[in-house]
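>>> dropping a prediction and its sequence here:
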Amino acid sequence: MHREYLYQDLTEKIIGIAMEVHRILGPGFLEAIYEEALIYDLEKVGFVCERQKEFTIKYKDFYLRKKLRSDLVVDNKIIIENKATGQIVPIDEVQLVSYLKASGLQVGLIFNFGNKSLEFKRRVLTKAKRNYTDQSV
């Protein structure tokens, strides 16, 4: 049975666009190159992209001056973190979950353009538990 995920259609479209970027550019570029190409293609099909969006972190009843900066937010629903490394490592996933917590958004994607094939992970932060679940596509 096929299970429906939060923003599944949206994330599937974004993943498809990231695959196209990787297919054309291949591995070996800096993250910023992939990010620019990804934004170009996302905006070309009508997505709204916010690059290097900052999020304020609340600690107890205090808002910290230091902010988190995510690579990309798409349609004010999906946080995207881009990597161009050997592989996605656990700290990358922890970082994405931190961005989700700080932003109040629930869905995030990590793309790693650094290998022969695009690597990606999808994470969902459940509001009730403020915990993440793995919802691989």
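Everything's here; your move.
>>> tell me the buried residues in the host helix or strand of residue 38?
Residue 38 is part of helix 31-44, with elements assigned from DSSP states H and E. Using 16 or more other Cβ atoms under 10 Å as the test for burial, helix 31-44 gives 31, 34, 35, 37, 38, 39, 41, 42. Using the backbone N, CA and C atoms, a C-beta is placed for each residue, glycine as well.
>>> give me the helices and strands touching it, please.
Judged by 3 or more Cβ pairs under 8 Å, 6 or more residues apart in numbering; DSSP states H and E, the packing partners of helix 31-44 are helix 8-25, strand 49-51, strand 72-74, strand 78-83.
>>> list of residues touching that helix?
14, 17-18, 20-22, 24-25, 49, 51, 71-72, 74, 80, 82-84, 111, 113 (Cβ atoms under 8 Å, 6 or more residues apart in numbering).
>>> go on, stretch 78-89?
In this structure, residues lying in contact with stretch 78-89 by Cβ under 8 Å, 6+ apart are 7, 10-11, 14, 27-31, 34-35, 38, 70-74, 92, 95-96, 99-100, 103, 105, 107-115, 119-121.
>>> buried set for it?
Going by 16+ other Cβ under 10 Å, stretch 78-89 has these buried residues: 78, 79, 80, 81, 82, 83, 84, 88.
>>> endpoints of that stretch, how far apart?
20 Å (Cα to Cα, to the nearest Å).
>>> point to the residue nearest the middle of this protein.
Geometric centre of the chain, nearest residue: residue 80, 1.8 Å, by Cα atoms, centre = their mean.
>>> what bridges to it?
Residue 80 has these beta-bridge partners by DSSP bridges: residue 72, residue 109.
>>> what average pLDDT does stretch 122-132 get?
Averaged across stretch 122-132, pLDDT comes to 69.
>>> now stretch 74-90
Mean pLDDT, stretch 74-90: 96.
>>> equivalent analysis for stretch 10-21, please.
Stretch 10-21 comes out at a mean pLDDT of 97.
>>> so for that stretch, what gets flagged as buried?
Buried, per 16+ other Cβ under 10 Å, within stretch 10-21: 10, 11, 14, 15, 17, 18, 21.
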